[in-house]
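> Show me how the following folds:
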Amino acid sequence: MFGIDIRQKAWSAGLILLFFVAWELFCLMTGMSDLVLPRPSQVFLTLYQRFPVLWPHIVQTLATTMFGFVLGVALGVALGAIIGVSKTAYDTCYPLLIGFSSIPKVAVVPIFVLWFGSGTVPAVLTALSICFFPIVVNIATGLATTEPELEDVLKALGASKLDILWNVGLPRTMPFFFASLKVAISYAFVGAVLSETVASNRGIGNVMMTASSNFNVPLVFAGLFVLAALGVALYVVFSLIEGRVTGWATRKNDVIAT
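Numbers count the residues shown, from 1 in each chain. From the prediction side, this is the model:
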């Protein structure tokens, strides 16, 4: 099993490397202009040369994203729990949440700037507003999977609704919760960078916007590579935590795979 996993990861790494090689060869063979599509080697060289300048902006974007993400998780879990256990809350809040999530967040950023000024706060709020919805949906869905018969048995044994929620409902939502985290962290980066491009003088979004106005396309792609690397790294972290916390949910698949 361990050997199969190593081979699968080696194949994945090889395919990713092949993608960048094909990109490089395509640009060289077609004579593609750097203003249209820079070669990966140019992007990595720009990233290496400008990294000392980019580092404070990377830290700013990562801190803003994580702060908004943590707040979004807290809000999403609370709302999801309420919606999942209350039919009235579901009927009342769910249409409002769907309506809010349907609003393009680029239209919300100017409102945050009007209320709080430019800088970090609008970026945090944009990250929060764009990442909490999948958490709400998955938590509510996870709680809805609790069988009514099981609830009836637990109530007959003297368990309160809070006991059922804490000891049965929430543990059952863990696979749904971690699935939503891996989606929400990507959304949080999108929200933070979106706000930085509009109303901030720091962060990767601002760097990319400035580089775009100066026609420094390799630097724009370097910012994209940084964001992709951060997103993948956090995705891997949540996947590892998910494997530790929700191993019971995947044990059956592991047995079948062996």
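> Could I get the average pLDDT for the helix or strand encompassing residue 57?
Here residue 57, judged by DSSP states H and E, is contained in helix 40-85. Mean per-residue pLDDT for helix 40-85: 90.
> angle of the helix or strand just after it against helix 40-85?
Once helix 40-85 ends, the next helix or strand along the chain (criterion: DSSP H and E) is helix 87-101. Angle between the axes of helix 87-101 and helix 40-85 is 150 degrees (criterion: axes from the mean of the first three to the mean of the last three C-alpha atoms, to 10 degrees).
> what residues does helix 87-101 touch?
Applying C-beta atoms under 8 Å, 6 or more residues apart in numbering, the external contacts of helix 87-101 come out as 79, 82, 83, 84, 129, 133, 136, 140. (Each C-beta comes from the backbone N, C-alpha and C, glycine too.)
> for the residues you listed, which one is nearest residue 203?
For the contacts of helix 87-101, the minimum distance to residue 203 (C-beta to C-beta) is 17.1 Å, reached by residue 129.
> For the closest residue in space to residue 205 that isn't next to it in sequence, I want the exact helix or strand it lies within.
Nearest non-adjacent residue to residue 205, counting by C-beta to C-beta, 6 or more residues apart in numbering: residue 196, 2.8 Å away. Assessed by DSSP H and E, residue 196 sits inside helix 170-199.
> name the helices or strands packed onto the next helix or strand after that helix?
As assigned by DSSP H and E, the chain's next helix or strand after helix 170-199 is helix 204-213. Other helices and strands packing on helix 204-213, by 3 or more C-beta pairs under 8 Å, 6 or more residues apart in numbering; DSSP states H and E, are helix 40-85, helix 170-199, helix 217-245.
> between the last one and helix 204-213, how many degrees?
Meaning helix 217-245. 160 degrees.
> for the record, mean pLDDT for the helix or strand encompassing residue 17?
Residue 17 belongs to helix 2-30 when elements are defined using DSSP H and E. Helix 2-30 shows a mean pLDDT of 80.
> Now do residue 232: how many residues are near it, please.
Neighbours of residue 232 under the rule other C-beta atoms under 10 Å: 11.
> ok, now which ones touch it?
Residue 232 touches nothing, counting by C-beta under 8 Å, 6+ apart.
> Leaving out chain neighbours, which residue sits closest to the one residue sitting closest to the centre of the chain?
What sits nearest the mean C-alpha location of the chain, by C-alpha atoms, centre = their mean, is residue 185, with 1.8 Å. Closest residue in space to residue 185, ignoring its immediate chain neighbours: residue 234 at 4.9 Å, by C-beta to C-beta, 6+ apart.
> distance of the one you found from residue 184?
10 Å (C-beta to C-beta, to the nearest Å).
> Settle it for me: which of the two has more neighbours?
A count of neighbours by other C-beta under 10 Å puts residue 184 above the other of residue 234 and residue 184, at 25 against 20.
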